[in-house]
Structures are given as C-alpha cells and as structure tokens.
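Undergrad: Model the structure of this input:
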Amino acid sequence: MTASEPSGPAPSEAPAAVPLSQANRAASVGQKVRVRGWVHRTRSSGGICFLILRDASGQMQVTAKRDTLGPETFSKTEKALVESALIVEGTVAADKRAPGGHELRADRVEVVHAAENFPIFTGQTEDFLLDHRHLAVRTREMVATARVKSEVLRAARALLDGDGYWEVTPPILSGNAAEGGSEAFELDYFGTKAYLGQTAQLYLEALIYPLEKVYAVTPSFRAEKSRTPRHLTEFTHLEAELAWAGLRENLDIQEKLVTGILHQVAERRAEDLQLLGRDPKELLAIEPPFERIRYEKALEVLQGKGFDLKWGSDLATAEERALTLERTAPIFVTHFPKELKAFYMLQDPDDPRTVLGADLLGPEGYGEIIGGSCRETDITRTVERLEAMGIPRAPYDWYLDLRRYGSVPHAGFGMGIERVVRWIARREHIRDTTPFPRTPSRLLP
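TA: Sure, this is the predicted structure:
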C-alpha cells in the first residue's frame, strides 16, 4: 500500500455497509462496522478529528485519530468539508456525549468526494434557500419532513387497501377542465386544447362501476395566483371514490383515514416529529368522531368573531384559520351553498340551496385538508348545472354516460397531502412540505 491510499483493508475486502441508525445503538457496541454517509459537522483538536456523519437513516459521531489513520489519510479526513462523502470502518463504542450515545472509532476512512464550501447555512434568506432548494433539501428539517410525508402516503395507502379500495392510475392530461373553472393550465396537445389535471375525480367515478371503491395518488395542478401559506400550483392529491355511499359514509371514511394516518405517523416517526416541533402525543390524542357543523353555523361563529359575512360568502384562508385556531382536532363544515361548489356535487333534497358535501379543516389554524361530496347521479340535473355555470357540454359527454348506464349513489373526496403534512409537521408555509415547490413565482429548480 502506498502512502496516498486510505488506511486499512481494500473496500472489496470490507464488510457490507450498515445504516448509521443501526451502528448507533447499544447492540452494536464493540462491533466492527462499515458505514457510508456525508459530513454534517466537523471539528478537530490536535491529532483527533470529530465528524458527525449523516445518511438517510440518521446521524452518528465518528472519531478519527492521526495515529490510527496515518498522516495522509488523517489530513484528508480533517480537511473534508461539510457534505463531503465518506466511507468509514471502525468499532462502535459507547459515548454519552455523542448524538445517540455512541461513536464510531475509525480504523479506516475513505474520502469518496471532498466537497467545496457548502452554501447552505443558518441565517440565509428564504429566497436564497428556494433558489438553492436542490441543496437545501439536505437540511435536517427538510429530511424529517420528507420522512413524515413518506409515512403519510404509506399509511394512507395501507389504510385504504385494508378497507378494500383499489389503487388506480387515472391520466394527468385531460380534454376537459374537471372543476369547470379558469384555474386549469392549458396546453397544446397535437393541435387540440388540453389541460393538466386539477383532479382525477371524474375518472375515478368511471372506475367505481367495475371496482366500486377506488383511490389514486396523483399530481394535481391549479393555475390560481394565490400567494398564501397553503397554496401550491402543483400538489400531491390523494382522491377516493366509493359506490353506494352517502354523506355519512363519506365523512366516516375520511375521519377514519385521517386518524389512522396521524396515529401511524406518531408511532413510526416520533423522532422526526419532535425535531419539527410536534409532540407525537398530540396526534395520538386525536380520535373520531370529528365535530360536524353546517356552513350556516360556521357563518354565525365567524360573524361573532367580527367577520363581515353573509349567505354565499366563501370561507377563505382567514376564515378557516379563525374557525380552527383554538381547536386541537379537525372539524367538518358541511352543506355549503351550491353556487360555491362544483357542478357535480349533489344538491341536498332537504335544502336545495346547499350540496351534500363537506370540507375537513385541520386544527390550529391550518384550514382545509380535504374536500368531498356526494355526486349528482341524475343526467338532467347534471346538464342543468353545467349550463347554469356556463360550462360547455361537449367535453363532458363521456362523463354524462356514467349517468346513463347503471348510475348509483356515490361519493368521494380529495386530500391535499402537502396540507396534511404542513399541519402534522407544523410547517409555517406549504412550500416546506415538498422538495421542489411550484408557486406562481417559482418554476426552478
């Protein structure tokens, strides 16, 4: 071995690498292990270098000594800046001063890549961090949020699968703007006007006839220039549709799904939640049923809080925040005026001014996380609503077929995954719940 080579055995002779979380535990004390990761922090004192190494599973302190590694390898290790990539072999030892209570005493270090000065550090502006989001995703908060989001999606799929739902794959490109409004992104599709999907709902409705209970996780797009802490132009949409269901069944499955997600995230990602400022016990304390109030009651509450509202006023960010700020559990607001909602929502037969739908509002001021409704099943009334809203009928002829062949009572909902994560992870802005946020002012990186 030449003096320029790393100390210790060649990589091909080394044991398989283990995650840092596995190395950093009491059962590993005294064991020889091999780990791989990136430098999170580093400092040196005399002939000893202390590194905090991170990988996808966590962090661990590495202690490297000149006498063990040799002068050349120690010098490379000591000069390895934040985000340098390393392979380390050594023995795990207990050290209560180290993160996790253990350290890896290095016998061999290989600097796979010596990073340049990392531009992400404390105190930078939000715009700078967004411009460098491809690097800022490595911060501890972003990593913890990503793991929480992954767990939300895993839990949601597991819960719906367990309830007999089939995951399906509706298209993102569509020949009609499903919501019927002006908030769809238009594009040219080989000479034909097309849209990026606002929702997969219409396609899910088609799929309940062969499958009865379906769901999809897709990107959805909204061309609205809303600049609030809870709006993105592209977001992750979990949508479900179920045959033979009314409003009660629809709300029951939503609160069961949300509660299950909260409990599984609290149990499986407790450390990440604590890092983000959320006590897992707060999520475990949330149980169904959630309170359900009608839109007109919500107006009364908000009027009592000083809001100048009347029948037909929409509940926007400020209103939802006021309704939920002092709550610790979600709340359903039901029976909105039909003029505020999409053409496909079913009118309440007992109050034709309203629809049989609901928004589920997250507590602590976070606002809407789910919107759902029963769907209109009568073709004549569906056409009347399209005409009343000035929506051309032709692009929806295929959808109207669903009311011609075996139409049954059905309902569904859409959950904004980033909104759920924002609430769970206590993020101030929704852009911090997704790696590369898309907003009216941001398309890069």
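Undergrad: mind checking pLDDT for Phe440?
TA: One correction, residue 440 is Pro, not Phe. What the model reports as pLDDT for Pro440 is 93.
Undergrad: The one 5 residues further on too?
TA: Model confidence at Pro445, expressed as pLDDT, equals 96.
Undergrad: Touching, it and Arg438? I think so.
TA: No. Look at Pro445 against Arg438 with CB atoms under 8 Å: they stay out of range, at 11.0 Å. Where C-beta positions appear, they are placed from N, C-alpha and C, glycine not excepted.
Undergrad: Now for the two: what residues contact both?
TA: With CB atoms under 8 Å, 6 or more residues apart in numbering applied, the contact sets of Pro445 and Arg438 do not overlap.
Undergrad: Comparing these two, which shows the higher neighbour count?
TA: Arg438 (16 against 13; other CB atoms under 10 Å).
Undergrad: Apart from its neighbours in sequence, what residue is nearest that one?
TA: Excluding the flanking residues, the one nearest Arg438 by CB to CB, 6 or more residues apart in numbering is Glu234, at 4.1 Å.
Undergrad: for the one you found, which residues make a bridge with it?
TA: Phe221 (DSSP bridges).
Undergrad: In this structure it contacts Ser220, no?
TA: Yes. Assessed by CB under 8 Å, Glu234 is found in contact with Ser220 at 7.3 Å.
Undergrad: Let me see the confidence value for the residue nearest to Arg438.
TA: Per-residue confidence (pLDDT) for Glu234: 97.
Undergrad: roughly how far out does the host helix or strand of Ile369 sit from the chain middle?
TA: Using DSSP states H and E, Ile369 falls within strand 367-374. Remark: strand 367-374 is offset 16 Å from the chain centroid, using CA atoms, centre = their mean, to the nearest Å.
Undergrad: Stretch 75-83 too?
TA: 34 Å.
Undergrad: What of stretch 246-257?
TA: 21 Å.
Undergrad: For that stretch, buried residues please.
TA: Judged by neighbour count using 16 or more other CB atoms under 10 Å, the buried positions of stretch 246-257 are 247, 250-251, 253-255, 257.
Undergrad: now do stretch 134-141
TA: 136-137.
Undergrad: Can you show me the CA trace of stretch 42-50 as CSV?
TA: Written as CSV, here are the backbone C-alpha positions of stretch 42-50 (Å, rounded to 0.1, in the frame of the first residue of the first chain):
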residue,chain,number,x,y,z
THR,A,42,-16.6,18.5,11.6
ARG,A,43,-14.0,19.8,14.1
SER,A,44,-10.5,18.8,15.0
SER,A,45,-8.3,19.1,18.0
GLY,A,46,-4.7,18.1,17.8
GLY,A,47,-4.4,14.7,16.4
ILE,A,48,-8.2,13.9,16.7
CYS,A,49,-10.9,14.7,14.3
PHE,A,50,-14.6,14.6,15.3
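Undergrad: got the buried residues for it?
TA: 42, 49.
Undergrad: what about the helices in the stretch 251-400 of the chain?
TA: Along the stretch 251-400 of the chain, counting by DSSP state H, counting those that start in this stretch, helices occupy 270-275, 280-284, 295-304, 317-324, 379-388, 397-401.
Undergrad: and what of the stretch 101-250 of the chain?
TA: 126-131, 133-136, 140-162, 201-211, 247-268.
Undergrad: Those helices: which one's closest to Arg422?
TA: helix 140-162 (9.2 Å; CB to CB).
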